[in-house]
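# Below are the sequence and a predicted model for it; my questions follow.
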Amino acid sequence: MLPAGHIDGKRMAAYVGMTFALTYCMWGLLALNPRGLLPLGGALGTVIFIIGCNAPPIVVFVLLMRWKEIGGLREYLKRVVHAEYGARRALLVTVAFFVVEIGLVAVLQQRTEQPLSMFVPVFALTVTGGGLEEIGWRGFLLPGFERRLPFAAAVLIVGVIWSLWHIPLWFIVGTSNSTFSFPYFALFCLTNGCVLGALRKISGSVLPCVLFHMLLDTLGSFFIMTDVFRGNDTPLALAFVAQAVVAVTLVAVLDRKLNPSRGRDTVQ
């Protein structure tokens, strides 16, 4: 989204503060549900929920415009789809991550009754329900932390912030999160945050992260995955941890191999 050198501490703080404020205001309204006027399933409730979900990309756009880093929506979208190392590499890396994730879940989890013919429609719907938030977390905030910290520390810190951002969902009647254990959900954010961070680092683009996040949400419709968020699926939880370790290790190995003299700089 921006060269890492353009993302200083003040800009990172502005992003986090504004993103939390917008999301907490939107989801807070749904949690309070004044006089029952804002049920989650209603039209207005759905709009408010989606705005809260998409606070990260909204805030990034507003800030980039305010800082005169972009000239408008078209340039913003170009930043989102830009692949630093080329489209071919970004595509191959994305496909590899998709294959591993689908294979892992298919082996460990039972199928739901959702027909496979619904995969594409469900996948498309997840873009506003989670996918676009990657523009903020892995596209903007993570590179800022990577300027100051090793990759492993950066992705874990972003993972913690990302998990805390979801807290209002536990207070909204009708959300899946309201039935989850927050510590186990936070573990999911930390481990999958490592995978998403590695995907952004290796592919050189935030778009694969958007697509991978959409895949994670989509798989939840086709496989019974909610038990892991309630602490009742140890194999999947351990698989998530293993994935995170492999992802961070892969980034470190590639970094040393391709940039032996640059320490923790980005993979070229």
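Perfect, thanks for sending it.

# right, and residue 85 touches residue 200 too?
No - using C-beta atoms under 8 Å, residue 85 is not in contact with residue 200, being 11.5 Å away. To be clear about C-beta, it is placed using only N, CA and C from the backbone, and glycine gets the same treatment.

# okay, the two: which has more neighbours?
residue 200 (28 against 15; other C-beta atoms under 10 Å).

# Counting by contacts, list what the helix or strand where residue 152 lies packs against.
Following DSSP states H and E, one finds residue 152 within helix 151-165. Counting contacts by 3 or more C-beta pairs under 8 Å, 6 or more residues apart in numbering; DSSP states H and E, helix 151-165 packs against helix 9-32, helix 142-146, helix 182-203, helix 234-258.

# Mind putting these into JSON lines with distance to residue 42?
Converted to JSON lines, the helices and strands packed on helix 151-165 look like this (distance: least, C-beta to C-beta, whole Å):
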{"stretch": "helix 9-32", "distance to residue 42": "10"}
{"stretch": "helix 142-146", "distance to residue 42": "35"}
{"stretch": "helix 182-203", "distance to residue 42": "25"}
{"stretch": "helix 234-258", "distance to residue 42": "33"}
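
# Using a markdown table, lay out those helices together with distance to residue 210 and mean pLDDT.
Putting these into a markdown table (distance: least, C-beta to C-beta, whole Å; pLDDT from 0 to 100) gives the following:
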| stretch | distance to residue 210 | mean pLDDT |
| --- | --- | --- |
| helix 9-32 | 16 | 96 |
| helix 142-146 | 14 | 96 |
| helix 182-203 | 10 | 97 |
| helix 234-258 | 17 | 93 |
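
# wait, which of those is closest to residue 120?
helix 182-203 (21.2 Å; C-beta to C-beta).

# Direction-wise, compare that closest one with helix 234-258 and give the angle.
Orientation note: helix 182-203 sits at an angle of 30 degrees relative to helix 234-258 (axes from the mean of the first three to the mean of the last three C-alpha atoms, to 10 degrees).

# Can you pull out the residues in contact with the next helix or strand after helix 182-203?
Going down the chain from helix 182-203, the next helix or strand is helix 207-222, by DSSP H and E. Applying C-beta atoms under 8 Å, 6 or more residues apart in numbering, the external contacts of helix 207-222 come out as 80-81, 83, 90, 93-94, 97-98, 101-102, 105, 111-112, 114, 116, 118-119, 122-123, 126-127, 129-135, 138-139, 192, 195-196, 199-200, 225-226.

# Which helix or which strand is home to residue 106?
helix 87-108.

# Report the buried residues of that helix.
90, 93, 94, 97, 101, 104, 105 (16 or more other C-beta atoms under 10 Å).

# For the fifth one, which non-adjacent residue is spatially closest?
It refers to residue 101. residue 215 (6.2 Å; C-beta to C-beta, 6 or more residues apart in numbering).

# Tell me, how many residues neighbour that neighbour?
Count around residue 215 with other C-beta under 10 Å applied: 19.

# hmm, back to that, tell me what angle the helix holding residue 152 forms with helix 234-258.
140 degrees.

# For helix 151-165, list the C-alpha coordinates in PDB.
C-alpha atoms of helix 151-165 as PDB (Å, rounded to 0.1, in the frame of the first residue of the first chain):
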ATOM      1  CA  PHE A 151       9.100 -10.400  10.900                       C
ATOM      2  CA  ALA A 152       8.100 -13.000  13.600                       C
ATOM      3  CA  ALA A 153       7.600 -10.200  16.200                       C
ATOM      4  CA  ALA A 154       5.800  -8.000  13.700                       C
ATOM      5  CA  VAL A 155       3.200 -10.500  12.700                       C
ATOM      6  CA  LEU A 156       2.500 -11.600  16.300                       C
ATOM      7  CA  ILE A 157       1.900  -8.000  17.400                       C
ATOM      8  CA  VAL A 158      -0.400  -7.300  14.400                       C
ATOM      9  CA  GLY A 159      -2.100 -10.600  15.300                       C
ATOM     10  CA  VAL A 160      -2.800  -9.400  18.900                       C
ATOM     11  CA  ILE A 161      -4.100  -6.100  17.600                       C
ATOM     12  CA  TRP A 162      -6.300  -7.900  15.100                       C
ATOM     13  CA  SER A 163      -7.800 -10.200  17.700                       C
ATOM     14  CA  LEU A 164      -8.600  -7.300  20.000                       C
ATOM     15  CA  TRP A 165     -10.300  -5.400  17.200                       C
END
